[in-house]
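*Asks:* Let me see the structure of the following:
(chains A and B)
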Amino acid sequence: MKLRIVVTLKNGVLDPQGKAIEHALASLGFAGVGEARVGKLIELDVADGTDDETIDAMCRKLLANTVIENYRVERA
Amino acid sequence: MKTAVIVFPGSNCDRDIAVALESVTGTAPTMVWHRDTDLPDDIALVAVPGGFSYGDYLRSGAIAARSPVMRAVVDAAGKGLPVLGICNGFQILTEAGLLPGALMRNRGLSFVCRDVALSVGETQSAFTSGYRPGDTIRVPVAHHDGNYVADDATLDRLEGEGQVAFRYAEQVNGSARDIAGLVNAGGNVLGMMPHPERRIETAHGGRDGRALFEGLLARVGA
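*Replies:* Numbering: from 1, shown residues only, chains lettered A, B, ... in the order given. Predicted coordinates:
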């Protein structure tokens, strides 16, 4: 079973990389770019039938730092 | 006096802290590999050194915080053993849940490697007992992810409970409330981004870091 774990910064957490991307896009002449936020995509291949609780525990215990990050799980 | 230093793949300040501890205590620390599951008996301090454990993969300190030896460190910290995390060690202690908050990419995005001025906070912790509150010391920083982040309630609690051990006295990395180092509620766990272990001898360019170790060891050795 293939999973895509999307890890994003929580609202309100300053994202210096996102800011740098905003400025770079502006310097390339792209107008109208608002906020850029950088996250992570983790592709996981887990055994069929792995339950939601286990997947959630993987996210909470390692894949995301819930002090600063949110996560969501997408099933391929 | 016996001490221990944890060594992860990618640690690179483990020798610096070992030299500092030997200089202050007169005894070389025991180096403990990350796969070990126990700490040596009768140690007065365990240090989690700086570096780039596991190549900073996933997040700085994230993988190291889940290594076998860190379970022993967390247990020992809960029993009151002094734990000192410097730089990557601070990141590891936050990832392991021993200290609140997180360390994010520096606000200016650049790796910062220079001497900085720190102001010593007002804590009850042995870690700052070698200084007076408000003292200014100069020690080096060398980090990319030193921007301390926590929610306002946590920051208020850290300040209200006297857990801010060191603040930057100049702009360095964008840390919330200029926090450079903090202690846990019990005062026995210190995490800090600057490197006191690199200011132990005059030949290092100063000895401002030495009082941290002397103060701690005087207190725990008494």
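
*Asks:* The worst-scoring helix or strand of chain A on mean pLDDT near chain B at all?
*Replies:* Using mean pLDDT, DSSP states H and E, helix A:16-27 stands out as the lowest-scoring helix or strand of chain A, at a mean of 92. Yes. Helix A:16-27 lies within reach of chain B by CB under 8 Å from any CB of the partner chain, at A:Pro16, A:Gln17, A:Ala20. (Each C-beta comes from the backbone N, C-alpha and C, glycine too.)

*Asks:* so who does residue 21 touch?
*Replies:* This is for chain A. A:Ala36, A:Val38 (CB atoms under 8 Å, 6 or more residues apart in numbering or on different chains).

*Asks:* other chain: chain B
*Replies:* Contacts of B:Leu21 by CB under 8 Å, 6+ apart are B:Thr3, B:Val5, B:Thr27, B:Ala28, B:Pro29, B:Leu45, B:Ala47, B:Glu197, B:Phe213.

*Asks:* Let me know the secondary structure of the nearest residue to B:Ser129 once chain neighbours are set aside.
*Replies:* Excluding its sequence neighbours, the residue lying closest to B:Ser129 (CB to CB, 6 or more residues apart in numbering or on different chains) is B:Gly215, at 4.0 Å. Each residue gets one of three states, and B:Gly215 gets helix by DSSP: H, G, I helix; E, B strand; the rest coil.

*Asks:* from memory B:Val164 sits against B:Ala176, does it?
*Replies:* No. Counting by CB atoms under 8 Å, B:Val164 does not reach B:Ala176; the two are 10.4 Å apart.

*Asks:* neighbour count winner among the two?
*Replies:* Taking neighbours as other CB atoms under 10 Å in any protein chain shown, B:Val164 and B:Ala176 compare with B:Val164 leading, 24 against 17.

*Asks:* From chain A, how far off is that one?
*Replies:* 17 Å (CB to the nearest CB, to the nearest Å).

*Asks:* Up against chain B, what does chain A have?
*Replies:* With CB under 8 Å from any CB as the criterion, chain A meets chain B at residues A:Val13, A:Leu14, A:Pro16, A:Gln17, A:Ala20, A:Lys61, A:Leu62, A:Leu63, A:Asn65, A:Val67, A:Ile68.

*Asks:* Next, count neighbours for the third one.
*Replies:* Residues within reach of A:Pro16, counting by other CB under 10 Å, total 18.

*Asks:* Tell me who's in contact with it.
*Replies:* Per CB under 8 Å, 6+ apart, neighbours of A:Pro16: B:Met104, B:Arg105, B:Asn106, B:Arg107, B:Gly108, B:Leu109, B:Asn147, B:Gly174.
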